[in-house]
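Student: please find the sequence and the predicted model below.
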Amino acid sequence: MQKGYCYLQLKQYDKAVAAYQDAVWLHPTRFAYRYALMNAYRLANKQKNAIATAKEIIALKPKIPSALVNEYKAQAMIIVSQFNDPITLTSKTNDIY
């Protein structure tokens, strides 16, 4: 995760995306890694990938529910809605809280 963060600070967004993709591959149930990947895609102007990752975050069931996971899901829903991508937000909102 630190590697991706460093690349973001250097504005090397494609390398940050690759680092976060590796992190997601190694830890597929970690919300923080998917959230970081979603934001890296946004910064790299890869909106379709950001939306796809946001939808993964929304669909992913947490092992242990927490306020932080709820925040990741809420931010993911904002990303999806910003790009007017069809999603049933009302049914997904019930999964968050």
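Tutor: Nice, thanks for sending it over. Numbering: from 1, shown residues only.
Student: for N39, list the residues it contacts.
Tutor: Counting by C-beta atoms under 8 Å, 6 or more residues apart in numbering, N39 touches A50. Backbone N, C-alpha and C define where each C-beta goes, glycine included.
Student: for K46, see how far away it is.
Tutor: 11 Å (C-beta to C-beta, to the nearest Å).
Student: quick check: closest non-adjacent residue to V24.
Tutor: Ranked by C-beta to C-beta, 6 or more residues apart in numbering and with sequence neighbours excluded, the top spatial neighbour of V24 is Y33, at 4.8 Å.
Student: isn't that neighbour right up against W25?
Tutor: No: taking contacts as C-beta atoms under 8 Å, Y33 lies outside contact range of W25: 9.1 Å.
Student: more crowded one of those two?
Tutor: Under the criterion of other C-beta atoms under 10 Å, the comparison of Y33 against W25 puts Y33 first, with 21 against 9.
Student: what mean pLDDT does the helix or strand that contains that one get?
Tutor: Y33 is part of helix 31-43 when elements are defined by DSSP states H and E. What helix 31-43 shows for mean pLDDT is 97.
Student: and that helix, what's buried?
Tutor: 31, 33-42 (16 or more other C-beta atoms under 10 Å).
Student: roughly how far out does it sit from the chain middle?
Tutor: 4 Å (C-alpha atoms, centre = their mean, to the nearest Å).
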